[in-house]
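Visitor: Below: sequence and its predicted model.
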Amino acid sequence: MPSCVASAAVVFGGTEEALWRYRRRAWAWFLLGVGALVGGVVAVGGGWGGKLAAWGAGAGTVVLVVGAGSLVQARRMRVVLSAGPWVACATTGVPAGLGAPRVVLRDPWSGVLWPFTVAAVRQRYGLAAPGPDGVLWWCGDPWRGGVVARPGGESLVWVRPTRTRGRRLKDVRRAEEAGLPGQFEPRQPQPTPDGGPPTLSARVQPPYRRPVFRWITLVGAVLLGLGIAGAEAAEGDPQVDLTVLSEDRQGNCTVTWRDPDSGERREGPYQCDPDRDPLLHDWETGWVVSYGPWKGDLYNSDWQGTPANTVNQVFGLGGLLILGGSAVGGAIRVGIRVAERRAAQGPALWGPSEARPMPEPRSPGPSAGQVPAGGSTAPAEADLSYAAFCAAARRKVVSPAPSDGTRHEADVRTGPWWRVRTLLRTSQLDGVLAGVACLVGAILLGWLGLGPWPALLVLALFGGVQATVSGYRAVVRGLPAVRAVVRAARAPLPVVTPYVLLPEPGDATPVLVLFPAHAQPDSPPEAVLAVCHPGPAGRPWAGLPGPVGEADLRGWLDEGPTVVPWIGGRALWPLHELRDVRIGVPEDREYLAALVGESRDD
């Protein structure tokens, strides 16, 4: 693993702590899966206990695989983040649809558009969506994949190159239609080690090779799984009594039996045991296949009469052989790739690519960490006037207009608050309702006799725990917070205040910077208020107001103060109380300079 130099992304901002949290979650899932799998295997037995243990072992296997994959992903992130700095790129997102979401990043130097696909679990898809400023930080190799994060480096997501050529071209055309090539150049968070212009097009690893052995392993796993599933299903084949109608000396019989599924009498050939007792000349016993395309086939104890057993054995043994071969081939290929990487990279993993010529920069200029042309490194005084904030907001905020088709939330002034999606999530009552629904559904299905009762027991336990935990959170935090903001939103007298909408530097949370009622171009800000994302999980920034405008503040200044801004007839629900800011206070001035896009280190 390469050493972490000062310009590496892993030691910048909150990246190292975010990577540590990711590894901790991966180890938690891995150990939980190991515990559930071992407990299920040890507790396997007969009756309902054996069935419950089998369910636990199956769930533990899934969790174990997820945890192991997350650990591998964490190590890959560590290697990439230790190889080079963060590069801020203008970005546009592509809707997920049925698959994983995709993003298109623009190289800040060459202007090349790079399409990527998110490689993460569904719960982390939202972390790869660009914020209102349309900027994501990048670190990695565009030919092999890398890590993207929102400004601040506190949410790490692995992305890989979009594989099919048609989809890549489609994503690039969509990004061009969205105006990505014409967006502003973001300020770079870190200098490059060689002092050159920042670029994500540097090829820092050997050429990409298609994961052939990965697909071979998947095929082997599928075949092995089918073989095991067929063998397990054969254990449940029903045994039937046969009436022998005719029989020759070799034991070839014609028999009749009652079909266990339909209850109809059937007649067909059967291989009888010629050495059975003469008293049983008109009676025999057999088994009926209960699964797959051979369902209904009659066979004897030697599996004569159906190809099901042969197919199961071929699938199982073939899957094992394929898995073994892919493991050996994959290990050899990994060794070759490691040797090529060490030979190609040497001690440094970051630098301009010699395999791909880079175009000249379109608009060269000083970036973060570079000395201006005059040679002076003295920090410039940040401009924190109303005009500067308006210019920064129009330059940085890239959000849909309120009339983009997003469904409006209910008006809390004329209806109950639980009809407002954001307030319902804040109150934690949606978790209570989901838990109660699981519990009642499990009880109802059990009363009707539908479904295996071990699974219903697990569903009922899950629903009970979910309802209990969410209910505690609702009583302690959720409902008091909702009551406070609802009372503020229904206050009778609004205060009209100019605002500027900017993203939080750390996590891109939308922040309203408020100014005096009759603000002049040189007026300083008076207060700031962070608000919730108005859109759904897949489009959190949908429904944001314009970057500059006027807000109707409603609330009670003697309580907190708790204030709810109304803009265009829609409420933006606050994340905390209204915070007064003063230019003369160093902490406030530094925070405002970060919001407007300037800092003392510039």
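Guide: Looks like it came in fine.
Visitor: which residue is nearest the middle of this protein?
Guide: Note on the chain: the residue nearest the mean C-alpha position is R124, at 2.5 Å, using C-alpha atoms, centre = their mean.
Visitor: would you say that residue is within a helix?
Guide: Yes: counting by DSSP: H, G, I helix; E, B strand; the rest coil, R124 is part of a helix.
Visitor: what residues are up against it?
Guide: Contacts of R124 were listed using C-beta atoms under 8 Å, 6 or more residues apart in numbering, and they are 118, 157. C-beta: built from backbone N, CA, C; applies to glycine.
Visitor: got a pLDDT number for it?
Guide: With respect to pLDDT, R124 has a value of 83.
Visitor: same thing with the one 3 residues further on?
Guide: We have a pLDDT of 83 for L127.
Visitor: what do you get for T406?
Guide: Reading off the model, T406 has pLDDT 52.
Visitor: now A149
Guide: We have a pLDDT of 90 for A149.
Visitor: and it, how many neighbours does it have?
Guide: Residue crowding around A149 was assessed by other C-beta atoms under 10 Å; the count is 24.
Visitor: helix, strand or coil for P132?
Guide: On the three-state scheme (three-state DSSP), P132 is labelled coil.
Visitor: Quick check: it vs E185, distance?
Guide: Noted for P132: a distance of 17 Å to E185, by C-beta to C-beta, to the nearest Å.
Visitor: cool, M77 as well?
Guide: In this structure, M77 and E185 are 26 Å apart, going by C-beta to C-beta.
Visitor: By residue count, what's the longest helix in this protein?
Guide: As assigned by DSSP state H, the longest helix anywhere in the chain is helix 308-345.
Visitor: Show me which residues of the very next helix or strand once past it are buried.
Guide: Next in sequence after helix 308-345, counting helices and strands by DSSP states H and E, comes helix 386-396. For helix 386-396, the neighbour count (16 or more other C-beta atoms under 10 Å) marks 386, 388-393, 396 as buried.
Visitor: which strands and helices sit next to helix 386-396?
Guide: If you count contacts as 3 or more C-beta pairs under 8 Å, 6 or more residues apart in numbering; DSSP states H and E, helix 386-396 packs onto strand 495-503, strand 548-556, helix 586-596.
Visitor: and that helix, C-alpha only, in PDB?
Guide: C-alpha atoms of helix 386-396 as PDB (Å, rounded to 0.1, in the frame of the first residue of the first chain):
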ATOM      1  CA  TYR A 386     -24.900  41.200  -0.400                       C
ATOM      2  CA  ALA A 387     -23.700  41.600  -4.000                       C
ATOM      3  CA  ALA A 388     -20.800  39.100  -3.500                       C
ATOM      4  CA  PHE A 389     -23.200  36.500  -2.000                       C
ATOM      5  CA  CYS A 390     -25.700  37.000  -4.900                       C
ATOM      6  CA  ALA A 391     -22.900  36.400  -7.400                       C
ATOM      7  CA  ALA A 392     -21.700  33.300  -5.600                       C
ATOM      8  CA  ALA A 393     -25.200  31.900  -5.400                       C
ATOM      9  CA  ARG A 394     -25.900  32.400  -9.100                       C
ATOM     10  CA  ARG A 395     -22.600  30.800  -9.900                       C
ATOM     11  CA  LYS A 396     -22.700  27.800  -7.600                       C
END
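Visitor: I'd like the average pLDDT over it.
Guide: Helix 386-396 comes out with an average pLDDT of 84.
Visitor: what's next to it, contact-wise?
Guide: 132-135, 184, 498, 500-503, 513, 515, 519-525, 547-548, 595-597.
Visitor: Hey, what's the angle from it to strand 548-556? Just curious.
Guide: Angle, helix 386-396 to strand 548-556, by axes from the mean of the first three to the mean of the last three C-alpha atoms, to 10 degrees: 110 degrees.
Visitor: following helix 386-396, which helix or strand comes up?
Guide: Past helix 386-396, the next helix or strand by DSSP H and E is helix 421-427.
Visitor: Helices of the stretch 1-150 of the chain, start to end?
Guide: Using DSSP state H, counting those that start in this stretch, the helices of the stretch 1-150 of the chain run over 15-42, 47-81.
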